[in-house]
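K.L.:
structure here, sequence nowhere to be found:
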């Protein structure tokens, strides 16, 4: 338990109690095998005096209490010894508590991200004034609650040039904390100036963990086709695929 939860001070405190009770159990075994209690206590005292450093596994929490620990140990020898029950109870209780907290924390971190909760993080205005992607026909994309989106040829236009709806398929996060949403996209109102984005598409959308960069990869076509599994910045529109990159509008 100590190597597994080395970063939890409570475990080392419990281990300190455990080692003290372990020593007491050894003392009791010595006495039960025939050693005279006071003579054994004197040996323990002499060894402690001769020792230049504490025991190898002594708990840091007990470093300032070595004298008291030694006194209690000698008193335990003279009065009949001790068992490990107390130390075992403390150590086991600490281990169970810490393990439980770790499990709960891991379960919380693995909590399933739903399409609704993911979309709520995507909601906002996203702009690409530099036209860095392969699709330079939209300067701003606005994602709204209710799985709807808007395409704007120019952010200063009086109204959106394209309105589309999203049908979520799959959502996940990667090790870097990026959020992915795979969905079917259908335009209810096509882009009036370009016409390129009319119809339907199978799309993968990714947002970085800081919620600042948004990327799209997709293929035009019906809902029952193949959906992209990774973001492809090299997608070309002439091959009926799309790639766009945007930054959150502040």
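P.N.:
Arrived safely. In this text the structure is predicted, and so the values were computed from the model without any measurement.
K.L.:
can we go C-alpha only for contacts and neighbour counts from here?
P.N.:
Will do.
K.L.:
and this structure, what are its domains?
P.N.:
Annotated domains of the chain cover 9-109, 115-248 [automatic domain parsing].
K.L.:
which of these has the lowest mean pLDDT?
P.N.:
When the domains of the chain are compared on average pLDDT, domain 9-109 comes out lowest at a mean of 73.
K.L.:
for the nearest residue to residue 217 once chain neighbours are set aside, give its distance to residue 116.
P.N.:
If you skip the residues right next to it in sequence, residue 217 has residue 243 as its closest partner in space, 4.6 Å away by Cα to Cα, 6 or more residues apart in numbering. Counting by Cα to Cα, to the nearest Å, the separation of residue 243 from residue 116 is 23 Å.
K.L.:
on the three-state scheme, the residue nearest to residue 217 is what?
P.N.:
strand (DSSP: H, G, I helix; E, B strand; the rest coil).
K.L.:
near it, how many other residues are there?
P.N.:
24 (other Cα atoms under 10 Å).
K.L.:
that one contacts residue 214, correct?
P.N.:
No. The pair residue 243 / residue 214 is not scored as a contact, 10.7 Å apart, by Cα atoms under 8 Å.
K.L.:
given the helix or strand in which residue 163 is found, what are its sheet partners and their directions?
P.N.:
Per DSSP states H and E: residue 163 is located in strand 162-173. Next to strand 162-173 in the sheet, as set by DSSP bridges, lie strand 148-152 (antiparallel), strand 179-189 (antiparallel).
K.L.:
name the residues of it that are buried.
P.N.:
Buried positions in strand 162-173, judged by neighbour count with 16 or more other Cα atoms under 10 Å: 162, 163, 164, 165, 166, 168, 171, 172, 173.
K.L.:
wait, which of the residues you listed is closest to residue 226?
P.N.:
residue 168 (14.1 Å; Cα to Cα).
K.L.:
bridged to the closest residue in space to the closest one that isn't next to it in sequence, which residues?
P.N.:
By the measure of Cα to Cα, 6+ apart, the closest residue to residue 168 outside its immediate chain neighbours is residue 183, 4.2 Å from it. On the basis of DSSP bridges, residue 183 is bridged to residue 168, residue 203.
K.L.:
how about residue 245?
P.N.:
Using DSSP bridges, the bridge partners assigned to residue 245 are residue 215.
K.L.:
no further questions, thank you.
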